[in-house]
Each structure stands twice: as C-alpha cells, then as structure tokens.
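Asker: Predicted coordinates and the sequence they were generated for:
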Amino acid sequence: GKDGDSIYLTIKRPYIGIIKVGMVRNTIIDKAVPTYFMENDSTGYIKLNHFLYGSANSVRDKVLELKEKGMKKLVLDLRGNYGGLVAEAASTLSIFLPLNTLVCSVRGKDSTKNYSNKTLEKPVDTLMPITILTDRKTISSGEIFTGCLKDHNRATVIGDTTYGKGFVQGTYYFKNGAILYITAGRYYTPSGNF
C-alpha cells in the first residue's frame, strides 16, 4: 500500500479474544541522530541509533555544526545502537580517522570471500578526544565502530560490555526467486579482536 491508505487488522489476543484495529499506513523513519547538543562550552554530545543508509552524512553534518559552536571534545552515545551496514559504519569512521585506515576484516570459511573495510573519505577531525558510551544493546556495526576507534586509540569507551554479535550476515538470491539469509563470516577489529 501507499502512505495514507487505511488498513484494518483482525488480531487474536490471548485472554482478550478477537480485536479489530484500524490504521493508516505511514513511513516511519528512525533517525540515525535523534539528538545532539553542546553539553558545555567545549563538549559536544551525539546520540547515534544505527548505521543505516545516510547515517554517516547525518553524523558528519552534526559534527561540523557542533565544531562551529566550539566543540573540542565529543561524547558519542551508542547505547542501544542496533548496528546496520558495515559500509555505513566505515563511512562514519571516516569522520574521525585518516583516509585509508583499516576499519575491520570479515573472514569466513570460504577465504576467497574475505575482505577488509577501510575509511574512504576525508576526515573532519582526527585529533579531537572522543568518549563512546556503550551498553548490552550496542550491537553489530555499533561494535565494529566502537572497536575500531578503540583499537586506533581514538576513543575511550565507557559502559557495559556490548552484545558480542561478531558475525556478518549475507543474503543469497536464487534464480527461482528464493532468498537465503545466512551468517557469512565473522568480523575482526583492526587489532584482530572479534
């Protein structure tokens, strides 16, 4: 359906029975950066929810805006970051690391499909102190991002141990229209940790 179309659901709920609910279709956009601000005269804060398409551009814009306001230190809040695209995490890391810096390696049973990701864009600031906040819900690309900045001595990490996913999934498309989504490999931070 299209945005604005009405739909009606019939739902069977335990202990309640059948209920009918009407809804209107709408596109829901989970912002990569739902909030950012200057904590004080020199410390900026950015909450980063995911690494889906466009996240890196959003973070880059916020970093530039906060630097114009006097940011000399940055707190990146990755608590609850549910990951996303490794390429988008690498693009976001390009903001803080020199061009062509190793982000992570992906290795699987088929060594011909192993690859590494590197930063591919001009950085904004490679010296500003960064503190990353994590929790048990910092997952996947959020862990790659955190591990990379930690391994390159670009960030101090504060918080709980992250989820510990460590795996990369891949989608395989077959000629008959079938799709298979499987774990394709394990990712390693620049120091070799997973």
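Answerer: Arrived safely.

Asker: Now the lengthiest strand in the chain: buried residues?
Answerer: The single longest strand within the chain, with elements called by DSSP state E, is strand 179-188. Neighbour counts using 16 or more other CB atoms under 10 Å place 184, 185, 187, 188 of strand 179-188 among the buried residues. Glycine gets a C-beta too; all of them are placed from N, C-alpha and C.

Asker: wait, what's in contact with the second one?
Answerer: This means residue 185. By CB atoms under 8 Å, 6 or more residues apart in numbering, residue 185 lies in contact with 106, 107, 108, 109, 113, 114, 167, 168, 170.

Asker: Not counting sequence-adjacent ones, nearest residue to the second one?
Answerer: For residue 107, the nearest residue in space outside its immediate sequence neighbours is residue 114; the separation is 4.8 Å by CB to CB, 6 or more residues apart in numbering.

Asker: quick one: the one you found from residue 58, how far?
Answerer: According to CB to CB, to the nearest Å, residue 114 and residue 58 sit 30 Å apart.

Asker: contacting residues around the longest helix along the chain?
Answerer: When the chain is parsed with DSSP state H, its longest helix is helix 55-68. For helix 55-68, contacts defined as CB under 8 Å, 6+ apart pick out 31-33, 36, 38, 44, 46, 48, 71, 74, 84, 88, 91-92, 94-95, 124-125.

Asker: Now do the helices in the protein.
Answerer: In the chain, the helices defined using DSSP H lie at 55-68, 86-93, 141-151.

Asker: Pull the distance from the second one to the chain's centre.
Answerer: In other words, helix 86-93. Offset of helix 86-93 from its chain centre (CA atoms, centre = their mean, to the nearest Å): 8 Å.

Asker: Equivalent analysis for stretch 90-98, please.
Answerer: Between the centre of stretch 90-98 and the centre of its chain there are 13 Å (CA atoms, centre = their mean).

Asker: Need the residue closest to the centroid of this protein.
Answerer: Closest to where the C-alpha atoms of the chain average out (CA atoms, centre = their mean) is residue 51, at 2.8 Å.

Asker: List the residues that contact the nearest residue to residue 101 once chain neighbours are set aside.
Answerer: Leaving aside its chain neighbours, residue 101 sits nearest to residue 119 (4.6 Å; criterion: CB to CB, 6+ apart). By CB under 8 Å, 6+ apart, the contact list for residue 119 reads 90, 91, 93, 94, 97, 98, 99, 100, 101, 103.
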